[in-house]
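Enquirer: would you be able to build a 3D model of this:
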Amino acid sequence: MIVRRNPGRLVVLALAAASSPAAAAILRPMTELRAPVIRLSDLFEDLAATPDRLLGAAPAPGRRIVVEAAQLGAIARQFKVDWRSASSGDRVVLERPGRLLARELVQDAVRAALVAAGAGTDCDIDLPGFVTPMVPVESAATPIVSGIEYDRDTGRFAGILAVAGPGMEPLTSRIAGRADDMMTLPVAVARLGAGTVVQPGDLRMARVRSSLARDTADAMA
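Expert: Coordinates of the predicted model:
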């Protein structure tokens, strides 16, 4: 407000204060996503005058997507974000960190399903070619095996592995392998030649696969 003194009277001039424009949004060149979705604030900073909006699903854990200048401009216009591309090289990299689910957790889940199907509680599990899935780093992901099909004669099995946890989409895949019951048997400490008289110190007790014990017995028969 400005007050001017005129002869004989005071003239008060009220000046309407022009509202200053809101600060322009700033591009985020790189964002690590910690949720299964992408929001407007993952692309732009300083959205004080613009509501944060949900844009879509985040990439899978361990993956990234790149939003180029043209798409960024279209998003800014659609959601009325005060941002203009400075060059065609403007881009945002959205990366979702991931980690491999511990193999031991998967084996424990398989073992629980196999025991319910009749396998031994201490069975040894082989998962040839299996690669543990990638899960979000922040998620306490839990594997569960269902629909198990188990052949007790051969030890072969197959089932469905489901992995779920907070902040992640459930993952499902088929899993297959072989389970061997374990046996405690005496085994040689070192190679024994033909005709060797076995002494107590030549043997030790060890856990071996039942299939290996059967194969050895068949070969000696």
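Enquirer: in stretch 140-160, which residues are buried?
Expert: Using 16 or more other Cβ atoms under 10 Å as the test for burial, stretch 140-160 gives 141, 143, 145, 148, 150, 155, 157, 159. No exception for glycine: its C-beta is placed from N, CA and C like everyone else's.
Enquirer: contacts for it?
Expert: By Cβ atoms under 8 Å, 6 or more residues apart in numbering, the surrounding residues in contact with stretch 140-160 are 101, 105-106, 109-110, 112-114, 116-119, 135, 161-166, 168, 172-181, 211.
Enquirer: now do 6 Å
Expert: 101, 105-106, 109-110, 113-114, 117-118, 135, 161-163, 165, 175-176, 178-180 (Cβ atoms under 6 Å, 6 or more residues apart in numbering).
Enquirer: low-confidence ranges in this structure?
Expert: For the chain, applying pLDDT under 70 flags the ranges 1-23, 182-189, 192-193, 195, 197, 199, 201-221.
Enquirer: just the helices in it please.
Expert: 69-78, 103-116, 210-220 (DSSP state H).
Enquirer: just give me how far the shortest one sits from the chain centre.
Expert: I take that to be helix 69-78. Helix 69-78 has its C-alpha centroid displaced from the chain centroid by 29 Å (Cα atoms, centre = their mean, to the nearest Å).
Enquirer: repeat that for stretch 78-92.
Expert: 30 Å.
Enquirer: and which of the buried residues of stretch 140-160 is nearest residue 131?
Expert: Looking at the buried residues of stretch 140-160 and their distance to residue 131, the nearest is residue 143, at 13.4 Å (Cβ to Cβ).
Enquirer: okay, and which of the buried residues of stretch 140-160 map to strands?
Expert: 143, 145, 148, 150, 157, 159 (DSSP state E).
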